[in-house]
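# take a look and give me a structure for this.
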Amino acid sequence: MPKTVLVVAAHPDDEVLGCGGAIAMLVDQGVIVHVAFLADGVFSRTPEPGAQSEEELQLRRATAQKANKILGVKSVSFGDFPDNRMDTVALLDIVKSVEVLIAKHQPDTIFTHHAGDLNIDHRRTHEAVVTACRPRPGHPVKTLLCFEIPSSTEWQVPGSAPFFAPNWFVDISGTLDRKMAALNAYATELCPWPHPRSLQGIEHLARWRGAVIGVEAAEAFILGRHLS
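The predicted structure follows:
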């Protein structure tokens, strides 16, 4: 079992969508969980950053704190890479920001985005984390897991990027209610059914992933690396 987990996500709400149930389960087991967001998550929504966007940024960060308190996360940090423009930033700069987080928290396990997501920030976050987790002597990270994000992972078209084919599942039957409660904190980021990022869509996905492995609910991941 991991001792310290770091979730590296592009935007606030990605952490709950991708691994909120696993976070709550690990916290219940005594694992320390830190969550770090790399992009601001809001400034792409208006033509130019302004007072309204700054207000929205602070609101979303407060919402993220609330959601992660529900899950039991120990700390939440926020980066300021440009929302939906992380491809305009040198990869090295993103890698260095992740390396700072790893040095600070010394996680043995990291959860992050899948390489094939449609969202560019998700893909850049994945690249940065994989680069920062090169298995050099003494590196603390032993396990690297990639999660799926409804309305990004499944929206990529075949042949354009790696397909999400999970090979690691976490039973969240006992923590699905807390995942859904944390998602309710992000109510402004949710969409009405039948959108995949609706409460119903997210629960249906958890139920389906659970059915795949014979439990009530689960989250699915791709194992990037595991050193025992």
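# how about the strands of this structure, start to end?
Residue ranges of the strands in the chain, as given by DSSP state E, are 4-9, 32-39, 75-81, 109-113, 143-147, 168-171, 218-226.
# and those strands: which comes nearest residue 183?
Comparing these by their distance to residue 183 (C-beta to C-beta), the top pick is strand 218-226, with 12.8 Å. The C-beta positions use only the backbone N, C-alpha and C, and glycine is treated the same way.
# so where do the helices sit in the chain?
Ranges of helices within the chain are 14-28, 51-71, 91-105, 120-132, 176-185, 199-213, based on DSSP state H.
# distance to residue 227 and mean neighbour count for those helices - can I get that in JSON lines?
Output for these, formatted as JSON lines (distance: least, C-beta to C-beta, whole Å; neighbours: other C-beta atoms under 10 Å):
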{"stretch": "helix 14-28", "distance to residue 227": "19", "mean neighbour count": "26"}
{"stretch": "helix 51-71", "distance to residue 227": "26", "mean neighbour count": "17"}
{"stretch": "helix 91-105", "distance to residue 227": "15", "mean neighbour count": "16"}
{"stretch": "helix 120-132", "distance to residue 227": "14", "mean neighbour count": "23"}
{"stretch": "helix 176-185", "distance to residue 227": "28", "mean neighbour count": "20"}
{"stretch": "helix 199-213", "distance to residue 227": "24", "mean neighbour count": "17"}
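# lowest average pLDDT across these?
Looking at the helices of the chain, the lowest mean pLDDT belongs to helix 51-71 (a mean of 89).
# good, wrapping up.
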